[in-house]
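S.K.: Sharing a model that was predicted from the sequence below.
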Amino acid sequence: MEARKTRVRGVALGLVLLLACATDPDPLRYRLTGSGSHWDVAGNDHVLDDVVPRYRELFDVVLDPAKTQDLDLRALRDDLERSPVDRRNYDALNAVAIAYFELNYRAQRLRGGTQYLSNSFRAAKLLAVPWRAYGEIEEGALRHAILDFFTDAASGEKLESGTTAGRLARIVESLQSKESDPARLERIEALAQHIAATYPLGP
């Protein structure tokens, strides 16, 4: 009887460990898809907590509304473009996304205020980091992750992101010149068309 209880406890413990492993967030992806209107946590995936220690100086500026200085994006750019691709590439992409959504949100909330232009400019510079990396790194999984970010930025799901989503159509469309894979080309074209149709820009 005792041996049977021990076996049952062993099986139960194994199932718990298996379930825990199965639900651990995968860091090798774009992690904010489906995170709702915010960009610090996606379900049980605490994205912000993971990337802040790696990019402490960046987030010291991004997360402080009183700081308006230009962002030093060299560490993000270097990590996102590194080869061979590893977790650092994806951490950089997710850090770009968090910083972009934060500054874009702040800019739109302060439209007409003294910090509107500086936050808009800094958000635009962040978009340029994954755009450039798309042409520097040929690994398909990372390119798909970058497209996941642009898809999320254009979804209108994040707070205030719908206000600026129309500006992404030309950025996404320009990725076609960096791509030769038919499936990703089709995805880029479809995304650019969707953005242009959903968020038409004025003349």
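M.R.: Happy to help now that I have it. Residues are numbered from 1 along each chain as shown.
S.K.: can we go C-alpha only for contacts and neighbour counts from here?
M.R.: Will do.
S.K.: Just the buried residues of stretch 148-167, please?
M.R.: Buried residues in stretch 148-167, counted by 16 or more other C-alpha atoms under 10 Å: 148-162, 164-167.
S.K.: Sitting in helices, which of the residues you listed do you find?
M.R.: Among the buried residues of stretch 148-167, the members falling in helices (DSSP state H) are Asp148, Phe149, Phe150, Thr151, Asp152, Ala153, Ser161, Gly162, Thr164.
S.K.: Can you name the element that comes right after the worst-scoring helix or strand of the chain on mean pLDDT?
M.R.: Least confident helix or strand, the chain: helix 2-23 with a mean of 44, by mean pLDDT, DSSP states H and E. Downstream of helix 2-23, the first helix or strand assigned by DSSP states H and E is helix 47-51.
S.K.: Could I get the buried residue list for that following helix?
M.R.: Using 16+ other C-alpha under 10 Å as the test for burial, helix 47-51 gives Val47, Leu48, Val51.
S.K.: Spit out the contact partners of the first one.
M.R.: Applying C-alpha atoms under 8 Å, 6 or more residues apart in numbering, one finds that Val47 lies in contact with Arg31, Leu32, Trp39, Asp40, Val41, Asn94.
S.K.: ok so Pro53 is a strand residue?
M.R.: No: read with DSSP: H, G, I helix; E, B strand; the rest coil, Pro53 is coil and lies in no strand.
S.K.: What distance do you get for it to Arg122?
M.R.: 21 Å (C-alpha to C-alpha, to the nearest Å).
S.K.: try Lys67
M.R.: From Lys67 to Arg122 the distance is 12 Å (C-alpha to C-alpha).
S.K.: In terms of neighbours, single out the busier of these two.
M.R.: Using other C-alpha atoms under 10 Å, the more surrounded residue of Lys67 and Arg122 is Arg122, with 20 against 11.
S.K.: just checking, that one is part of a helix?
M.R.: Yes: assignment of Arg122 by three-state DSSP places it within a helix.
S.K.: Residue ranges in the protein under the pLDDT threshold?
M.R.: Applying pLDDT under 70 to the chain flags the ranges 1-24, 202-203.
S.K.: can you rerun that using 50?
M.R.: The model of the chain has pLDDT under 50 over residues 5-6, 8, 10-23, 202-203.
S.K.: check contacts around the closest residue to Thr33 other than its chain neighbours.
M.R.: Leaving out its chain neighbours, the residue that sits closest to Thr33 by C-alpha to C-alpha, 6 or more residues apart in numbering is Asp152, at 6.3 Å. Contacts for Asp152 (C-alpha under 8 Å, 6+ apart) come out as Leu32, Thr33, Lys158.
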